[in-house]
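> sharing a model that was predicted from the sequence below.
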Amino acid sequence: MAYVLAGAALSRLVLATDCHDANVDDLTDAYTSSSKEGVSSALRWFYCGGLGVALLSMSIISLCHVHKEFDGERIGKRYRISVRVSVAIILIFLALAESLSSLQLISLTTGLVVLTLMIDVYGSTSIHDNFWKCNSQCKYRANCPIKRKLAIDAVKNGTTIRLEEVQISDGAEKTYYGQI
């Protein structure tokens, strides 16, 4: 609901003509009548508060969620969540900055959210892997009661194997172990 609130406020913020180079004549006829010269304090609180509460809620959800832990994580979960909470608090109190134009407000909030996303994506990767390039081929291991050739052909062709239709008898090669 906080995202909905922020989105509704954003739809009003983009119509504001409080920037020095904004021209009401650049808007279409449908939006010219609904544009305002300034941004009200309530609209700032809806936008900034909505984004901040949404990010704070996602942080709480992440705290409650059990993630798979692995050695070599670039930035620990606790630190990434503390960055999220800090950005959420900044977003909420950004509504107090009355001197910011609508464009500056949108730019700052977008930059803060993108920064948070970049820290989360980078931090959740392993220091043992190259961040920009995959050095090894992806591997898949399976323990399936089907013939090896059937499994390899299915992966190459992108088809689905229905195990109940292709299970082999007890005397034949029972399982395929290995990389596809």
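Perfect, thanks for sending it.
> regarding this protein, what is its longest helix?
Using DSSP state H, we find that the single longest helix of the chain is helix 41-64.
> so which elements touch it?
Applying 3 or more C-beta pairs under 8 Å, 6 or more residues apart in numbering; DSSP states H and E, one finds that helix 41-64 contacts helix 2-13, helix 77-93, helix 102-123. All C-beta atoms are positioned from the backbone trio N, CA, C, and that covers glycine.
> which one of those lies nearest to residue 46?
helix 2-13 (3.8 Å; C-beta to C-beta).
> what does that closest one rub up against?
Residues outside helix 2-13 that contact it (C-beta atoms under 8 Å, 6 or more residues apart in numbering) are 34, 36, 39, 43, 46-54, 57, 102, 105-106.
> of the residues you listed, grab the buried ones for PyMOL.
A single PyMOL command is used to select the members of the contacts of helix 2-13 judged buried by 16 or more other C-beta atoms under 10 Å:
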select buried, resi 39+43+46+47+48+49+50+51+52+53+54+102+105+106
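> which secondary structure element of this protein has the lowest mean pLDDT?
Within the chain, no helix or strand scores below helix 29-32, which has a mean of 65 by mean pLDDT, DSSP states H and E.
> mind checking pLDDT for residue 26?
As predicted, residue 26 sits at a pLDDT of 69.
> do you know how far the residue positioned nearest the centre of the chain is from residue 87?
Nearest residue to the geometric centre of the chain (C-alpha atoms, centre = their mean): residue 117, 6.4 Å. According to C-beta to C-beta, to the nearest Å, residue 117 and residue 87 sit 10 Å apart.
> same deal with residue 124?
16 Å.
> likewise residue 15?
The value you get for residue 15 to residue 87, if C-beta to C-beta is used, is 26 Å.
> so which of these two has more stuff around it?
Using other C-beta atoms under 10 Å as the criterion, residue 15 and residue 87 rank with residue 87 on top: 21 against 17.
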